[in-house]
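# with the sequence up front, the predicted model follows.
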Amino acid sequence: MVGLLSLALGVAAALQSADTPVPDQPDPPLQTETIAPEPIGDPSTWVTQSDYPSNFLRNGEEGTTRFQVRVGANGLPTMCFTIGSSGHFQLDGRTCNLVMNRARFNPARDGSGNAVAGIYTGSHEWRAPR
């Protein structure tokens, strides 16, 4: 009985919706390309060999820190995240701290050319000299 009632309600709804005009749907918003922020100067100068913590250098601890930086519409970094660890949280944290202090960008641009917030992705390889 419940099955027949469900079927009858479904048929009634289908018949009613066939008689009801569908309102015009608005066009979806145009998708515009955003141009990512671009570093001003050479990103390899943000973190250098002289920034290597001496205790890590002595112990030969190495790794590559991959990071993302949120960049404001003014071209300044607003936040840094580690997205790939060097295996040493101290090196990862140091990378982000140095990037936040040293990195500057031409801001991201929307499809109209307006400066907007964006994300920059980079990395630093911590390698002890051989």
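Yes, it's here.

# CA atoms for contacts and neighbours, from now on please.
Noted.

# hey, where'd the helices end up in this protein?
2-19, 54-59, 89-102 (DSSP state H).

# quick one: low-confidence residue ranges for the chain.
Where the chain drops to pLDDT under 70, the residues are 1-23, 25-32.

# can you give me the strands in it?
Secondary structure of the chain by DSSP state E: the strands cover 38-39, 63-71, 77-84, 105-106, 108-109, 115-116, 118-126.

# same list, the ones you listed, but as TSV with mean neighbour count and distance to G93 please.
Below are the strands of the chain laid out as TSV (neighbours: other Cα atoms under 10 Å; distance: least, Cα to Cα, whole Å):
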stretch	mean neighbour count	distance to G93
strand 38-39	16	20
strand 63-71	21	9
strand 77-84	17	8
strand 105-106	18	21
strand 108-109	20	25
strand 115-116	18	26
strand 118-126	19	12
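
# got a markdown table for the ones you listed, with distance to L98 too?
Listed next are the strands of the chain as a markdown table, based on distance: least, Cα to Cα, whole Å:
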| stretch | distance to L98 |
| --- | --- |
| strand 38-39 | 14 |
| strand 63-71 | 12 |
| strand 77-84 | 10 |
| strand 105-106 | 15 |
| strand 108-109 | 21 |
| strand 115-116 | 23 |
| strand 118-126 | 11 |
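
# tell me which of the ones you listed sits nearest to T45.
strand 118-126 (10.2 Å; Cα to Cα).

# sheet partners, orientation included, of that closest one?
strand 63-71 (antiparallel) (DSSP bridges).

# now what about the strand it pairs with, what contacts it?
37, 77-88, 91-92, 95-96, 105, 107-108, 117-127 (Cα atoms under 8 Å, 6 or more residues apart in numbering).

# do stretch 92-107 as well
Outside stretch 92-107, the residues that touch it by Cα under 8 Å, 6+ apart are 36-40, 43, 46-47, 65, 67, 71-82, 85-86, 115-118, 124.

# picking up where we left off before, so which of the strands of the chain gets nearest S54?
Per Cα to Cα, nearest to S54 of the strands of the chain: strand 118-126, 12.1 Å.
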